[in-house]
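Visitor: coordinates only, sequence not included:
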Ligand SMILES: Nc1ncnc2c1ncn2[C@@H]1O[C@H](COP(=O)(O)OP(=O)(O)OP(=O)(O)O)[C@@H](O)[C@H]1O
C-alpha cells in the first residue's frame, strides 16, 4: 500500500501542490486527472523522490519513507517512475534496456526475469529491435518493463498515453491493467484525459490548481452531481462520443 498525507509544495509564493492525501492498495490503479498546470507531475515527482515537498508524509506498506532526507540517489528503490519521455537507451536493444535494470543479479535470474517481463508486457516479438525502430506504445511498455524489473511496490506513470495513436492507446490501457493486477503493484497514473482514466482506474482523483477536488471510483466520478468543475470535466470528456452518436444516428435516420 502506498499512502501520502498532507503533501504541500510551493514555488516562490505559488502553491503548486496543496495539502494532498492519497492511498493506493497493491494491485490498484489511482488515476490523477487534471488540466495542464494543475500540479500532477510535481506531485508524481514528490512521490518518486525526485522533488522534496515542503510538508507531508509517505508510507509504503506501513513503513515510513523519509521525504526530507538529502539522499545521494534521489529515487526511492521501491517506488519506480516512468517519465513521459521513457528515457530508454537508444544504443541498446529492447531486451537490453530491461536487462540493464538487473545488473546486480545473477546471469540466470536476469535471463529468466527479462524473458518474463518481455512476455508480460507483450514485447517479446520486438526484443531485438532498438528503441527508434518500435512504436510509442512499445517504448512505453518497455519503460514499464524496466521499471517493474526489480518488483517495486509502487509504480508511477506520467502521461503514459500521450503521443499514442488510438490503437496503441487501447492496447496499452489493457496491458497496464493486466500488469498491475498480475504483479500486485500500487499504481499512480497521471493523465489529462479523463476517458483514459475511466477505462483503467480503480479510483480517480480530479486535480485543479494543486488541490484534489474529488477522489472516488470511476462510476461515482461519472455520476458526480455536486462539484461544477468535476461535472464540467466529465461532460467535456464524454461530449465527443455523444456528438459522434448524434451525427451517426441523425445521418443514418435521414
Ligand atoms: N521548478 C519549478 N519552478 C517554478 N514553478 C514550477 C516548477 N515546476 C512546476 N512549476 C509550476 O507548477 C505548476 C504545476 O506544474 P506541473 O508540471 O506539476 O503541472 P501538470 O499538471 O503536470 O501540467 P502538465 O499536464 O502540463 O504536465 C505550473 O504552474 C508550473 O509552472
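Guide: Structure received. Here the structure is a predicted model, which means the values were calculated and not measured.
Visitor: drop to CA atoms for contacts and neighbour counts, all remaining ones
Guide: Noted.
Visitor: where exactly do the helices run in the stretch 51-200 of the chain?
Guide: 94-99, 107-120, 136-148, 166-183, 194-200 (DSSP state H, counting those that start in this stretch).
Visitor: in the helix or strand bottoming out on mean pLDDT in the chain, what's buried?
Guide: Ranked by mean pLDDT, DSSP states H and E, the weakest helix or strand in the chain is helix 228-253, scoring a mean of 84. Buried residues in helix 228-253, counted by 16 or more other C-alpha atoms under 10 Å: 230, 231, 233, 234, 237.
Visitor: how about the third one: what's its closest non-neighbour residue?
Guide: Read it as residue 233. Excluding its sequence neighbours, the residue lying closest to residue 233 (C-alpha to C-alpha, 6 or more residues apart in numbering) is residue 194, at 7.7 Å.
Visitor: what number of residues lie near the one you found?
Guide: Around residue 194 there are 24 other residues, counting by other C-alpha atoms under 10 Å.
Visitor: next up, the contacts around it.
Guide: By C-alpha atoms under 8 Å, 6 or more residues apart in numbering, the contact set of residue 194 is 33, 233, 234, 237.
Visitor: how about a cut-off of 10 Å?
Guide: 31-34, 201, 204, 206, 218, 221-222, 233-238 (C-alpha atoms under 10 Å, 6 or more residues apart in numbering).
Visitor: same check, this time on residue 186
Guide: 1-3, 23-30, 60, 79, 152-156, 180.
Visitor: for residue 10, see how far away residue 52 is.
Guide: Applying C-alpha to C-alpha, to the nearest Å, the value for residue 52 to residue 10 is 10 Å.
Visitor: low-confidence stretches in this protein?
Guide: 70-74, 251-254 (pLDDT under 70).
Visitor: swap the cut-off to 80 and go again
Guide: Along the chain, the model assigns pLDDT under 80 to residues 68-76, 163, 250-254.
Visitor: what residues does it put near the ligand?
Guide: By the rule C-alpha under 6 Å from any ligand atom, the part of the chain lying against the ligand is 11, 16, 35, 36, 37, 38, 39, 40, 41, 42.
Visitor: who wins for neighbours among the residues you listed?
Guide: Of the residues of the chain next to the ligand, with other C-alpha under 10 Å as the count, residue 40 tops at 27 neighbours.
Visitor: look up phi and psi at it.
Guide: The phi/psi pair for residue 40 (degrees, to the nearest 10) reads phi -60, psi -50.
Visitor: number of residues surrounding the spatially closest residue to it that is not a sequence neighbour?
Guide: Among residues not flanking residue 40 along the chain, residue 190 sits closest, at 6.4 Å (C-alpha to C-alpha, 6+ apart). When counting by other C-alpha under 10 Å, one arrives at 25 neighbours for residue 190.
Visitor: thanks again, I'm all set now.
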